[in-house]
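A.B. asks: Turn this into a model:
(chains A and B)
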Amino acid sequence: MSAPSLAQACAALLRRDLTLAWRRRGDIAMPVLYALIVTTLFPFALGPESALLQRIASGVVLVTVLLAMLLALDALFRSDIEDGSLEQLVLAPQPLALMLAMKILAHWLATALPLIVVAPLLAGMLHLPAAVMPVLLYSLLLATPLLSLLGAVLVALTAGTRRSGMLLALMLLPLCVPVVIFAAGAVAAAQQGLPWLAPIAWLAAALVLLLVLAPLACAAALRIALDA
Amino acid sequence: MNVAASAMRLLEARHLSFARQDESVFGPLDFTLHTGEIALVEGDNGSGKTTLLRMLAGLLHVEHGELHWRGQPLQRDACIGERVLLGHQLGLKADLSARENLQAAQGLHGSRAGISIEAALDEVGLTGYEDEPVRRLSAGQKKRAALARLLLVPAALWLLDEPYANLDRAGIALVNRLLEGHAQRGGAALVTSHGAVSFHGGEPMRIRMHA
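C.D. replies: As a prediction, this is how the structure comes out:
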């Protein structure tokens, strides 16, 4: 009998989830296309004035990325619950919270990372100055994992319910308010030439907190969902 | 199965019962499962067979009655990884091949000494289908892929919910062969089934559920 080490188990789960994501590449492209289309709508609705678009660019990109992530979030644990993989994961001799953290990481890599990659393009379409672009990327790199972790807790909590998609959006969006405020605040400060490190530091602090707490909450919520 | 003299008590249930919203689902049940023993859980539809297995697997918490594992009151950490459940949902990823599914299971659960993924797939008769995505396999072949996972992971207690469903005659013989091999290695199993089950080693213990 050879019990696998923690690193082996993490690697196996990460490899499985990333292979699954790669097998369904079309699903990865979906949120990216959605973000692209939504961003394109703004100049049409508000008019193509460069000054106006510049002012709203960071906010639009942030909110669009958030909504695009929300589209994909629903599927985080759904297939695992439907095909019984989650039960196998719970019964595996591994800490469930850590395994779920790996699942959230794989999900972030498959959904948020492509969005971050196209974010400069989205921001460029709205005339965001190139000098501010790194700040936008920093704030996205911190805000998107925050959303993934917050979302994962809510997905786990609504796992037992039918049509959880709308409920998830209604629960997650209010929780996103501080994330949006700090992320957009950092970019706005950079645009005005003010110091922007403080809001970024707040985002990083929140991320560290959630990195520890969210997987534990997910594990507890999913155990309850299975125990019904 | 005849219980050998050296058999140890693996799992003991005392007055185990389950109620959903004050409505009794099953129990109270009393049984003892020794190592090397196979028990058949019998009962009509809705008599709580699946619920019992999920409870024994640790997915449902025990509200009424007691469970003992190797003589000690059962705690989640005490027997972690020693129980494996094969339920109606097989726990296979449809987009992955049988081999990839087993690789993930091996990474999470580890594997028994002396068995490889290839050998397990060969044993359940999936030679030639190792790299086919599970979604393209027939229902019986999916079941066989899930049975290969049982062979691979080092669990002492197998909890099999309707393992004979979807299987052809050779598949039913395969399940019986796997169960006998598991019992000979000192493992134990609880099996729910509607059909007739026969073992070479004699009559299995029977647990009657009352609907």
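A.B. asks: Work out which residue lies at the spatial centre of the chain.
C.D. replies: By default, I'm working from chain A. Taking CA atoms, centre = their mean, the centroid of chain A lies closest to A:S148, which sits 3.5 Å from it.
A.B. asks: let's do chain B instead
C.D. replies: Most central in chain B (CA atoms, centre = their mean) works out to B:L159, at 2.4 Å.
A.B. asks: one step back: my guess is the residue nearest to the centre of chain A contacts A:W108, does it?
C.D. replies: Yes. Using CB atoms under 8 Å, A:S148 makes contact with A:W108 at a distance of 4.5 Å. Bear in mind the C-beta positions are built from the backbone N, C-alpha and C, glycine included.
A.B. asks: Check the gap between the residue nearest to the centre of chain A and chain B for me.
C.D. replies: 21 Å (CB to the nearest CB, to the nearest Å).
A.B. asks: doesn't that residue fall inside a helix?
C.D. replies: Yes. Under DSSP: H, G, I helix; E, B strand; the rest coil, A:S148 sits within a helix.
A.B. asks: quick one: secondary structure of residue 32?
C.D. replies: I'll assume chain A. Applying three-state DSSP: A:V32 is helix.
A.B. asks: You answered for a different chain; I wanted chain B.
C.D. replies: The assignment at B:T32 comes out as strand when based on three-state DSSP.
A.B. asks: Count the residues that sit near A:T161.
C.D. replies: 10 (other CB atoms under 10 Å in any protein chain shown).
A.B. asks: try B:E130
C.D. replies: Neighbour number of B:E130 under other CB under 10 Å is 17.
A.B. asks: Against B:E118, how distant is the residue lying closest to it once chain neighbours are set aside?
C.D. replies: Distances taken as CB to CB, 6 or more residues apart in numbering or on different chains place B:R99 nearest to B:E130, at 4.5 Å, with adjacent residues excluded. Distance, B:R99 to B:E118, by CB to CB, to the nearest Å: 8 Å.
A.B. asks: overlap in contacts of the two?
C.D. replies: Here B:R99 and B:E118 have B:E130 as joint contacts, going by CB atoms under 8 Å, 6 or more residues apart in numbering or on different chains.
A.B. asks: residue contacts, A:L20?
C.D. replies: B:93, B:95-96.
A.B. asks: One more pass at 10 Å, please.
C.D. replies: Neighbouring residues of A:L20 by CB atoms under 10 Å, 6 or more residues apart in numbering or on different chains: A:27, A:79-80, A:85, A:106, A:110, B:93-96, B:100, B:104.
A.B. asks: Could you say which of the residues you listed is surrounded by the most neighbours?
C.D. replies: B:A104 (27 neighbours).
A.B. asks: Quickly find the element holding the closest residue to it other than its chain neighbours.
C.D. replies: Among residues not flanking B:A104 along the chain, A:R16 sits closest, at 4.1 Å (CB to CB, 6+ apart). In the assignment (DSSP states H and E), A:R16 maps to helix A:6-23.
A.B. asks: out of everything not next to it in sequence, what's closest to the closest residue to chain B within chain A?
C.D. replies: Nearest residue of chain A to chain B (CB to the nearest CB) works out as A:A12 at 2.1 Å. Distance criterion CB to CB, 6+ apart; nearest residue to A:A12, sequence neighbours excluded, is B:G107 at 2.1 Å.
A.B. asks: Restricting the selection to alpha carbons, write the lowest-mean-pLDDT helix or strand in chain A to CSV.
C.D. replies: Using mean pLDDT, DSSP states H and E, helix A:78-83 stands out as the lowest-scoring helix or strand of chain A, at a mean of 88. Extracted C-alpha coordinates of helix A:78-83, given in CSV (Å, rounded to 0.1, in the frame of the first residue of the first chain):
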residue,chain,number,x,y,z
ARG,A,78,-21.3,21.2,-11.1
SER,A,79,-19.9,18.4,-13.3
ASP,A,80,-18.1,17.0,-10.3
ILE,A,81,-21.4,16.8,-8.4
GLU,A,82,-23.3,15.3,-11.4
ASP,A,83,-20.8,12.6,-12.2
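A.B. asks: for it, packing partners?
C.D. replies: Applying 3 or more CB pairs under 10 Å, 6 or more residues apart in numbering or on different chains; DSSP states H and E, one finds that helix A:78-83 contacts helix A:6-23, helix A:85-91, helix A:133-157, helix A:197-226.
A.B. asks: okay, those helices in CSV with mean pLDDT next?
C.D. replies: Below are the helices and strands packed on helix A:78-83 laid out as CSV (pLDDT from 0 to 100):
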stretch, mean pLDDT
helix A:6-23, 93
helix A:85-91, 90
helix A:133-157, 94
helix A:197-226, 94
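A.B. asks: need those helices in CSV with distance to B:E123, can you?
C.D. replies: Putting those into CSV (distance: least, CB to CB, whole Å) gives the following:
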stretch, distance to B:E123
helix A:6-23, 22
helix A:85-91, 20
helix A:133-157, 36
helix A:197-226, 30
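A.B. asks: in the host helix or strand of A:A97, what's buried?
C.D. replies: Using DSSP H and E, the element containing A:A97 is helix A:96-125. Residues of helix A:96-125 classed as buried: A:96-97, A:99-112, A:114-116, A:118-120, A:122-123, A:125 (neighbour count, 16 or more other CB atoms under 10 Å in any protein chain shown).
A.B. asks: Same check on stretch B:179-193?
C.D. replies: For stretch B:179-193, by 16+ other CB under 10 Å, it's B:179-180, B:182-183, B:186-193.
A.B. asks: which one of the residues you listed is nearest A:L73?
C.D. replies: B:T192 (36.1 Å; CB to CB).
A.B. asks: one step back: the more surrounded of B:R99 and B:E118?
C.D. replies: Between B:R99 and B:E118, counted using other CB under 10 Å, B:R99 has the larger neighbour count: 19 against 12.
A.B. asks: Name the residues that touch the least confident helix or strand of chain A?
C.D. replies: A:17, A:20, A:24, A:85-89, A:100, A:103, A:155-156, A:159-160, A:164-165, A:222, A:225-226, B:89-95, B:134.
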